[in-house]
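[1] sequence first, predicted coordinates after that:
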Amino acid sequence: MNDNPLTEDEIIEQRRKRRLEILKKHQVESSTNAPSRVSTEDSLTSEVTNPFSKPETSRSEDERRSLDGQQPNGLNDSSLARPVSNEPFSEKTVNENEDDEEDDMFADTPSPSLKKRKTEKKPSTVKRSLAGMQDTWDDIEGYYKVILMEELDSRYVVQSNLGKGMFSSVVNVMDQKTKASFAIKIIRNNEVMYKAGMKEVSILERLQAADPEGRRHIIRYDRYFMHKNHLCMVFEMLSLNLRDILKKFGRNVGLNIKAIQVYAYQMFTALCLLEECNVIHADIKPDNMLVNEKRNILKICDLGSASDASENEITPYLVSRFYRAPEIILGYPYSCSIDTWSVGCSLFELYAGQILFPGRSNNQMLRLMMECKGKFSHKMLKRSQFTFDNFDEDFNFINNEIDPVTGQQTQKVLNFSKPVRDIKSRLKDVLASTNEEVVIQKDFILLLEQCLELNPEKRITPKQALKHPFFRNNQPFR
Ligand SMILES: Nc1ncnc2c1ncn2[C@@H]1O[C@H](COP(=O)(O)OP(=O)(O)OP(=O)(O)O)[C@@H](O)[C@H]1O
């Protein structure tokens with residue numbers, strides 16, 4: 001298997017394609033969906049009658065078990081790590097962040113080198129000079145130049161930088177009224193991003209109305225305001241994302257099975273809410289799952305790629321590639337179950353400490369999926385729009401690879417009669433240390449297999465997943 005890291009050019013090209021898809025989508029939607037004006041005083045926290053909301057009493061017992069504050073045996077830092085005796089996988093691991101580092105099609109100038117990206121830790125302490133000099137507020141890429149102790153919306157005081165994504169920079173602030181901490185996502189000063197941000201706001205509002213008490217593991221959103229031409233979205237303050245957790249506690253070997261159980265249950269609880277609201281997240285991955293300080297509560301964040309399930313326009317670059325469901329690549333009708341696929345990939349990665357399908361192209365993603373799960377049914381291939389990009393007329397897979405020696409593109413037909421690298425064999429080196437863990441691990445493998453059904457119609461639903469035997473001995477929820 002070729003697990004070599006992608007070249008910088010390949011990463012740039014891959015990410016550019018994805019952002020182009022998002023750009024195209026928002027250009028089409030913008031004329032109808034985006035509000036023409038946003039008031040700085042507008043708040044989205046007021047009560048809204050929500051057609052998607054479901055009364056508390058109608059929630060299943062399983063869902064209720066996962067509610068925040070009902071987990072007496074929460075995780076702590078030591079309970080996340082797997083015993084060091086577990087051997088890491090011998091395979092070379094592809095840089096897990098490669099899919100997040102990209103050239104920036106929204107910037108006026110070429111991006112700084114990929115390595116230089118995540119640099120800024122502390123906001124500048126230089127005082128901003130003259131009001132009215134708008135261009136000094138933004139950097140050349142349209143990110144707001146945050147100043148330590150700056151006041152936003154006459155209320156929030158900037159404490160530190162939290163992170164930087166393609167669409168925004170995120171800062172930690174203190175609300176002077178309540179002294180509470182919040183995270184504010186400051187969207188880049190760019191019309192397309194503003195429209196994408198407003199769409200994220202409307203989806204968050206909808207999810208919030210269906211879960212007014214915020215117990216279903218989607219990030220809590222408070223309100224938005226405008227600051228110097230930047231859309232600012234106020235969120236509850238959380239701690240690390242699961243990619244950071246994996247680096248910190250998994251030591252690149254993965255987290256222990258008990259931590260996986262707790263997080264998995266919360267992920268499926270969030271997916272249930274998304275499904276009830278008919279929302280597809282479309283960017284589920286460890287980077288977009290945040291945990292609290294105590295590490296016992298997980299929330300899914302970054303709804304920036306989310307959309308209504310009825311808007312499921314066929315496009316082959318939706319979702320970050322390693323977490324992309326086969327139906328997206330094939331051009332088969334897709335729905336909320338693409339998020340279940342992404343959760344399956346994320347859970348494997350959190351447990352194994354390595355990416356499940358580190359394909360360097362959509363074609364290679366299909367190959368890795370078939371090595372793991374066997375071949376696609378002809379019925380599915382017949383219904384897919386992009387089948388012949390990757391299969392011949394007899395539905396044989398055409399493997400497209402770059403020859404590492406000659407650098408030439410090579411094509412050869414590959415046949416997959418049955419899985420050659422299934423989940424069980426991939427996890428054979430992750431040894432369970434107790435008999436109890438052996439049983440839990442077996443159930444985990446079963447659950448992963450069901451999340452990773454090639455046919456989306458046969459894939460486990462989030463509601464079914466919550467009842468899976470994998471959660472049988474999950475004491476924190478009992
Ligand atoms: N509520 C929060 N609490 C703590 N940290 C946060 C919070 N929200 C975001 N962050 C940090 O900021 C980073 C970027 O946030 P987010 O993914 O929402 O931004 P984005 O611009 O949409 O990024 P992307 O390029 O992934 O689309 C996150 O990975 C996380 O580390």
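    Yep, that arrived. Residues are numbered from 1 along each chain as shown.

[2] CA atoms for contacts and neighbours, from now on please.
    Will do.

[3] can you read off the pLDDT for Met105?
    Met105 is assigned 37 on the pLDDT scale.

[4] domain map for this structure?
    Domain segmentation of the chain under automatic domain parsing yields 151-236, 240-471.

[5] for those, give me JSON lines that also has mean pLDDT.
    Formatted as JSON lines, the domains of the chain follow (pLDDT from 0 to 100):
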{"stretch": "domain 151-236", "mean pLDDT": "96"}
{"stretch": "domain 240-471", "mean pLDDT": "94"}
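
[6] what about the residue nearest to Leu452 when sequence neighbours are not counted, neighbour count?
    Nearest non-adjacent residue to Leu452, counting by Cα to Cα, 6 or more residues apart in numbering: Trp341, 5.5 Å away. Trp341 sits with 26 neighbouring residues when counted by other Cα atoms under 10 Å.

[7] following the helix or strand encompassing Trp341, which helix or strand comes up?
    Per DSSP states H and E, Trp341 falls inside helix 337-352. Of the helices and strands lying after helix 337-352 in sequence (DSSP H and E), the nearest is helix 362-373.

[8] contacts for that following helix?
    Helix 362-373 is contacted from outside by 321-322, 326, 329, 357-359, 376, 390, 397, 399-401, 416, 418-423, 452-454, using Cα atoms under 8 Å, 6 or more residues apart in numbering.

[9] redo that, cut-off 7 Å
    Helix 362-373 is contacted from outside by 326, 329, 357, 359, 390, 399-400, 416, 419-423, using Cα atoms under 7 Å, 6 or more residues apart in numbering.

[10] any idea how far it is from the middle of the chain?
    20 Å (Cα atoms, centre = their mean, to the nearest Å).

[11] on that earlier part again, what's in contact with the helix holding Trp341?
    Defining contact as Cα under 7 Å, 6+ apart, one finds that helix 337-352 is touched by 246, 253-257, 260, 280-282, 284-286, 323-325, 355-356, 427, 430, 448, 451-452, 456.

[12] does Tyr144 touch Glu150 like I think?
    No: using Cα atoms under 7 Å, Tyr144 is not in contact with Glu150; the gap is 12.0 Å.

[13] pick out whichever of these two has more residues nearby.
    Tyr144 (22 against 18).

[14] per-residue pLDDT, the more buried one?
    On pLDDT, Tyr144 comes in at 93.

[15] look up how far the ligand lies from the residue most central in space within the chain.
    Among the residues of the chain, Ile284 comes closest to the average C-alpha position under Cα atoms, centre = their mean, at 2.7 Å. Remark: distance between Ile284 and the ligand (Cα to the nearest ligand atom, to the nearest Å) = 10 Å.

[16] what about the nearest residue to Val438 once chain neighbours are set aside, how many residues nearby?
    Nearest non-adjacent residue to Val438, counting by Cα to Cα, 6+ apart: Ala432, 5.3 Å away. Residues lying near Ala432 (other Cα under 10 Å) number 20.

[17] list phi and psi for Ala432.
    Dihedral pair for Ala432: phi -80, psi 140, per degrees, to the nearest 10.

[18] for Leu246, same thing?
    The phi/psi pair for Leu246 (degrees, to the nearest 10) reads phi -60, psi -40.

[19] from Pro358, how far off is it?
    In this view, Leu246 and Pro358 are 17 Å apart by Cα to Cα, to the nearest Å.

[20] same question, Leu290
    Counting by Cα to Cα, the gap from Leu290 to Pro358 is 22 Å.

[21] hmm, back to that, of all the domains of the chain, which one is nearest Asp138?
    Among the domains of the chain, domain 151-236 comes nearest to Asp138, with 7.6 Å by Cα to Cα.

[22] how about the closest one, does it reach the ligand?
    Yes: applying Cα under 6 Å from any ligand atom, one finds domain 151-236 touching the ligand at 162-168, 170, 183, 235-236.

[23] now for these, which pair is the farthest apart?
    Distances among the residues of domain 151-236 next to the ligand were taken as Cα to Cα; the most separated pair is Met166 and Glu236, at 20.4 Å.

[24] near the ligand, which residues of this structure?
    By Cα under 6 Å from any ligand atom, the residues of the chain that approach the ligand are 162-168, 170, 183, 235-239, 241, 287-288, 302, 304.

[25] strands along the stretch 351-478 of the chain, start to end?
    Ranges of strands in the stretch 351-478 of the chain, per DSSP state E, counting those that start in this stretch, are 397-402, 409-414.

[26] and those, which is most packed in?
    Across the strands of the stretch 351-478 of the chain, averaging neighbours per residue (mean count of other Cα atoms under 10 Å) puts strand 397-402 on top, at a mean of 18.

[27] tell me which other helices or strands it touches.
    Judged by 3 or more Cα pairs under 7 Å, 6 or more residues apart in numbering; DSSP states H and E, strand 397-402 is in contact with strand 409-414.

[28] ok and the residue in the stretch 301-450 of the chain nearest the ligand?
    Of all residues in the stretch 301-450 of the chain, Asp302 sits closest to the ligand, at 4.0 Å by Cα to the nearest ligand atom.

[29] ok, that residue - how many residues close by?
    Quick note: Asp302 (other Cα under 10 Å) scores 20 neighbours.

[30] hang on, it packs against Pro286?
    No: using Cα under 7 Å, Asp302 is not in contact with Pro286; the gap is 11.3 Å.

[31] which residues of the stretch 151-300 of the chain fall in helices?
    Assigned by DSSP state H, counting those that start in this stretch, the helices in the stretch 151-300 of the chain fall at 191-210, 242-249, 257-276.
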